[in-house]
Every structure is written in C-alpha cells, then in structure tokens.
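In: Using only what follows, build the 3D model:
(chains A, B, C and D)
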2 protein chains.
Amino acid sequence: MAQQGPGTKQLKSVRTTFKIVEYLKHETTGSVSAIADQLELPKSTVHSHLTTLNQLGYLRNDDGTYRLGYRLVHLGRTIEQSDELRRIVAPTIETLANETDEQAYFAIEENGLATNIVVAEGTCSIRREFLPGGQARMTNTATGKAILAHLPPERIDEIIQRWGMPAEAPGTITDEDELYAELETIRADGIAYARAESIKGLLEIAMPILDDDGQPHGAVEVAGPIKRLDDECRERLVDDIETAVNEIEVNLSLR
Amino acid sequence: MAQQGPGTKQLKSVRTTFKIVEYLKHETTGSVSAIADQLELPKSTVHSHLTTLNQLGYLRNDDGTYRLGYRLVHLGRTIEQSDELRRIVAPTIETLANETDEQAYFAIEENGLATNIVVAEGTCSIRREFLPGGQARMTNTATGKAILAHLPPERIDEIIQRWGMPAEAPGTITDEDELYAELETIRADGIAYARAESIKGLLEIAMPILDDDGQPHGAVEVAGPIKRLDDECRERLVDDIETAVNEIEVNLSLR
DNA sequence: GACGGCCGTCCGACACTATCGGATAGATTT
DNA sequence: AAATCTATCCGATAGTGTCGGACGGCCGTC
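Out: Below you'll find the predicted structure:
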C-alpha cells in the first residue's frame, strides 16, 4: 500500500530537467547562465538539459534565450480535454458563476493538494488570476477542507504531514486540533467556509460531491471579496451552490 | 550558428521520461506493464520513471493506473497566458471565426512545425478537434506555407530536410520543386491555399503577418469543407482575412 | 479452498552516462 | 583594441540510470 519506501532518491537528472522547466514556467524566459545561476547548477549541465528539451521540441530557442514552447501547451490541453469529470462538471460551474456573479470553482484532490479543474467567473468579477490546474493546500481552502473532511482519517493525516499548515493569510488555521474540529463541523453541516485563509480578504464557500460510498469526487466553490458576500446574500449563494451540487450529482450518476 | 554538432545523443533518461509522458498523453492512462510493453522498456525502468514523475507531482496514481495530472495542465496554461503574441492576436481571430462562421487559426513556426497558438470557430462549424498548441508540417498547411514562403532560403531547406514531405492527404505536395514553385506564387500573391493537403476535404486559406524587415511573425488562416467554401464566397473570406491581418498588424505596432 | 498467472514493487551489480570544470569562440561593451 | 560577457564543446571521473531477477499481493481459475 504505502510505496514511498527506502528508495526516495531516484532519477536525479529527470528532477533537474523539471527544475529547469519550472524555472522557465515562472520566469517565462531564461538564458543558460541565468538558469545556472538561479538553480545553482553548472552551466554545462543546464546546457545539456536545455538542448535535450529543445531536441524533443518542448522549447523555443531564440538566439540563446529559451522559453517553453507550445508543445507543452498542447500536452496540457490534451490532458484537460480527456478528463471526463471535468467535462461533466464544467457547464454547471459556468452557470453557477453567472448566477452568482462571482468566481466559481470545481476542485479535486491531487497529490494531497486542492486542484482546480474548472474555473469560471461572473461578469462583475474582473480578475482571472487562477488558471485551471492551479493548486493550493487542502487545509486553507474551502474546496480543500470540504474534500478533506470526507477522506479516510489516515489519508487526512498523511496529507497534513506532507504539506504542513503554514500561515498564508490572516485567517489560516495553523493548529492541527483546530483543523480537526473544523472538519467535524464541515461533516455535520455539509458545507465548508474559508475566511481569508489563503488570500487576504477572500471568502470561499464550498460543498463536496460524494459518491455512493461517501468518498469525495471533488468540491464546488464560490469565492469573492468578504465585503461583497455579506450575510444576507450568503444564503442565496449557498442555495445556488446546493443547486449546482445537485445537478452534478445527477449528471455523475447518469454517465 | 548551427549547434546540433556531434553530440546529438544526450540525456537519455530525460528522453525516456518524455517518451512515457507522450505515451500517457495519447493513451490517457497506463500501467507499468502496459507502458513497458508498448515502449519496449524494462518494467523496472518504467517504474522508476513513473515514481519520480509521481513524486514531482505530475502524475496521478490510482491504484497502479497512472495518468497525467493537472500540474501539467497548469504548466501549459501558464505558458499560453504568458505569450504576448497570442494575447494580441486572439480577439481578432475570434471575431474572424464569427464573421466567417468557419474555423479560424493563428499559427507560428516552432521547431520547424506550423503551430496553432489560437484556434477559434464560428457557430456553424461543430467539430473542435484542434487544440491550441497543435502542430503540423509547414509544407502541407496554409499557415505553414504562408510562413515558410517568407523565411530565409537556408531555413526553408533545413525545415524541409528535417520533417520531409510525406503524403498525408490527396492533395499533399510531395515534390520539392513543386513546393518551391508554390512558395514563389505565395510570395507574389500574398496568400496561401491548401487544398486537402493535410486533411481530406479541407480547404485552408492563409495570409502571413510580416514585420518591418519582412520576417514572418505568423499567419492567419480560415479553414472549412471545400464544398462550403466555393468560389463566390471565397472572395468574401479573403476579404475577411485581409481585415484581420490589417488589424493584427496595427495592434502589433502599437505594443 | 488451493493453485497459477499477472501485477507492481524492490534489490543489487554493472556499464553507462550525466555531471562538472575547464577551454574555445563569438558577441558586446568599455 | 582589450576585456568581459555569453553559449557551446570537450574529456575524465564518479555517480547513477539501467536492467534482470526476485518478492509478495491480487485476482481468476481449476
């Protein structure tokens, strides 16, 4: 069952290749020297990795300046398109965003992180900071906590141990016992809130999607500025979320 | 300048890792044994690559069955979003698709391949087979030929040598001299056609976007069934494309 | 209920190969 | 014109990826 046994150190060269890829992801562009400097790797090592990635077609090399190419875009889009759950859920999330005029998300647990597989937003929310595939800790997001609450206890513990609970915003829960108490509440209420726990000023409201055995498929979320989501309109939001959850449950059982 | 000197064989382990990734891209899902069989690699080798990729968070492992995860989706989306050219061009291509009610594309040359960086379609075209990042040969697509025609001669030759000109559809040009003649025509007319050259029954019409030095940034294309794009409406299509090209040229010089 | 096949995982030895420092050539700047 | 930056290439070493085999769990069959 548990397979992260003794051999944790594996394939160092693959690891450094992806360190370079992640560097280019964040910096958009980079030269051999710049990457070698930042990653504290020998220039020649970086060079051989870059030329290999270039030969494989994943990079563009404009005169010494490398950037990630569209081959990786196609890879990501293909993954996205072949995900059946996403296809089923997406329309509902989009109407939810339009109904509420706020950002709406559908997230799943992947590698112990809350991972947005659908992101949508209404007309009045301007920012589109979050991309599909964006990941955050399970412990400080509403979707994460909604899913976490319905996972087997040993899994919950494993995830917490792996990713920790550092403070990221004013409201972040950093105490383990406090989190467990909140998860209990979430199980009882069937709804999860996150008040400025990952991002200052952001209120998130989420409900899980469970299968027949009570295992979570994912969670539906609506998020917006705390100021805008005041108490009286919050009831309406919860209602809209419940409608979306219901719709998704039906569509999942129809497949 | 040319840097694919003697050391062409590099970083074999990185290469096999991406062979596995590409396998999962096309097959969606796979087990250790299945991948090892198909790729003719030892099981233990595949296993170590998969566990490494899993540790890095790029994979999902559902009880022995691996699939690519949303971390790669996020990578692709980030690349897409950080591409300034795409951001500038996208709105124009979308209105072009709506105006013409056909599929519209913007493609660039990347690693010697015509690479779609924007894909859009009108209301009446149903299929959305093509994803952003999709790549095709420069020699049998309208965008590819439109770009190719304005590249330096030595580059043209290099690309042809690298990717060849195999027959892929009834109309594919497989003769090198014939291609060079057509590129001459394209340079003279400023417009490129592809009649069932990559896909049977598909007509593509494309025009290049050139910078002040005459170097191609990319190309705008409209494509649809040959039957529907008959001669009388073709003039209207060309007109719409010219409008789009003009708009893009203005937006590029404004940046 | 026991057996046989198949699977994923793990181990260990060897050959290979990724790594790393240094050297070279070109470009750009002072 | 010299100096400093760059990317690229080379060669030797040690580390490491590869590969065959073995273990144990799972499932279907006999």
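
In: C-alpha only now, for contacts and for neighbours.
Out: Will do.

In: tell me which parts of the stretch 51-200 of chain A are close to DNA strand D?
Out: For the stretch 51-200 of chain A, the residues in contact with DNA strand D (C-alpha under 7 Å from any atom of the strand) are A:Thr51, A:Gly64, A:Thr65.

In: Can you verify my assumption that the last one contacts A:Thr29?
Out: Yes. Counting by C-alpha atoms under 8 Å, a contact exists between A:Thr65 and A:Thr29, whose distance comes to 6.6 Å.

In: Looking at those two, which one has more neighbours?
Out: Neighbours were counted for A:Thr65 and for A:Thr29 using other C-alpha atoms under 10 Å in any protein chain shown; A:Thr29 has more, 16 against 12.

In: can you list the domain ranges for chain A.
Out: Structural domains annotated on chain A: A:12-73, A:83-254, as defined by automatic domain parsing.

In: where among those domains is the average confidence lowest?
Out: Note on those: domain A:83-254 shows the lowest mean pLDDT, a mean of 93.

In: quick one: that one near chain B?
Out: Yes. Using C-alpha under 8 Å from any C-alpha of the partner chain, domain A:83-254 reaches chain B at A:Glu110, A:Asn111, A:Thr115, A:Ile117, A:Leu131, A:Pro132, A:Gly133, A:Gly134, A:Gln135.

In: what sits up against the helix or strand that the third one is a member of?
Out: Taking DSSP states H and E as the criterion, A:Thr115 maps to strand A:113-121. Strand A:113-121 has contacts (C-alpha atoms under 8 Å, 6 or more residues apart in numbering or on different chains) with A:86, A:89-90, A:93-94, A:97-98, A:101-109, A:128, A:130-138, A:141, A:143-144, B:70.

In: Also stretch A:205-219?
Out: Applying C-alpha under 8 Å, 6+ apart, the contact partners of stretch A:205-219 are A:106-109, A:142-144, A:146-147, A:150-151, A:190-194, A:220-223, A:238, A:241-242, A:245, A:248-249.

In: got TSV for the residues of the stretch 51-200 of chain A next to DNA strand D, with distance to DNA strand C too?
Out: TSV is the format used below for those (distance: C-alpha to the nearest atom of the strand, whole Å):
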residue	distance to DNA strand C
A:Thr51	11
A:Gly64	10
A:Thr65	12
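
In: What residues does the nearest residue to A:Asp240 once chain neighbours are set aside make contact with?
Out: Nearest in space to A:Asp240, with sequence neighbours left out and distances taken as C-alpha to C-alpha, 6 or more residues apart in numbering or on different chains, is A:Leu96 at 6.8 Å. Listed by C-alpha under 8 Å, 6+ apart, the contact set of A:Leu96 reads A:Ala104, A:Asp240, A:Ile241, A:Ala244.

In: now with 7 Å?
Out: A:Ala104, A:Asp240, A:Ala244 (C-alpha atoms under 7 Å, 6 or more residues apart in numbering or on different chains).

In: can you pull out the strands in chain A?
Out: For chain A, applying DSSP state E gives strands covering A:29-30, A:59-62, A:65-68, A:103-110, A:113-121, A:135-137, A:192-195, A:202-210, A:216-225.

In: What pairs with the fifth one, parallel or antiparallel?
Out: The one in question is strand A:113-121. strand A:103-110 (antiparallel), strand A:135-137 (antiparallel) (DSSP bridges).

In: Specify the angle between the first one and strand A:202-210 in degrees.
Out: Relative orientation of strand A:103-110 versus strand A:202-210 (axes from the mean of the first three to the mean of the last three C-alpha atoms, to 10 degrees): 50 degrees.

In: Between strand A:216-225 and strand A:103-110, find me the angle.
Out: 140 degrees.

In: Mind exporting the C-alpha coordinates of strand A:103-110 to CSV?
Out: Output in CSV follows, covering the C-alpha atoms of strand A:103-110 (Å, rounded to 0.1, in the frame of the first residue of the first chain):
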residue,chain,number,x,y,z
GLN,A,103,-15.8,33.2,-9.2
ALA,A,104,-16.8,29.6,-9.2
TYR,A,105,-14.5,26.6,-9.0
PHE,A,106,-14.5,22.8,-9.1
ALA,A,107,-11.6,21.2,-7.3
ILE,A,108,-10.3,17.7,-6.7
GLU,A,109,-7.6,16.3,-4.5
GLU,A,110,-4.4,15.5,-6.4
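
In: in it, what counts as buried?
Out: Residues A:Gln103, A:Ala104, A:Tyr105, A:Phe106, A:Ala107, A:Ile108, A:Glu109, A:Glu110 are the ones in strand A:103-110 that count as buried (16 or more other C-alpha atoms under 10 Å in any protein chain shown).

In: Return the member of these nearest to DNA strand C.
Out: Nearest to DNA strand C out of these is A:Glu110 (C-alpha to the nearest atom of the strand; 16.0 Å).

In: what sits against the nearest residue to that closest one once chain neighbours are set aside?
Out: Leaving aside its sequence neighbours, A:Glu110 sits nearest to B:Arg60 (C-alpha to C-alpha, 6+ apart; 6.9 Å). Neighbour list for B:Arg60: A:Glu110, B:Asn54, B:Tyr66, B:Arg67, B:Leu68, B:Gly69 [criterion: C-alpha under 7 Å, 6+ apart].

In: rewinding a little: any idea which of the strands of chain A gets closest to A:His74?
Out: Among the strands of chain A, strand A:65-68 comes nearest to A:His74, with 11.7 Å by C-alpha to C-alpha.

In: by contact count, what packs against that closest one?
Out: Using 3 or more C-alpha pairs under 7 Å, 6 or more residues apart in numbering or on different chains; DSSP states H and E as the contact definition, the elements that strand A:65-68 packs against are strand A:29-30, strand A:59-62.

In: Dump those strands to JSON lines, plus distance to B:Ala169.
Out: Below are the helices and strands packed on strand A:65-68 laid out as JSON lines (distance: least, C-alpha to C-alpha, whole Å):
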{"stretch": "strand A:29-30", "distance to B:Ala169": "37"}
{"stretch": "strand A:59-62", "distance to B:Ala169": "29"}
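
In: Count the neighbours of the closest residue to A:Lys200 other than its chain neighbours for me.
Out: Spatial nearest neighbour of A:Lys200, excluding adjacent residues (C-alpha to C-alpha, 6+ apart): A:Ala169 at 5.5 Å. By other C-alpha under 10 Å, 16 other residues sit near A:Ala169.

In: contacts for the longest helix seen in chain A?
Out: Assignment by DSSP state H gives helix A:231-254 as the longest helix of chain A. Helix A:231-254 is contacted by residues A:Ile88, A:Val89, A:Thr92, A:Leu96, A:Thr100, A:Ile209, A:Val220 when judged by C-alpha under 7 Å, 6+ apart.
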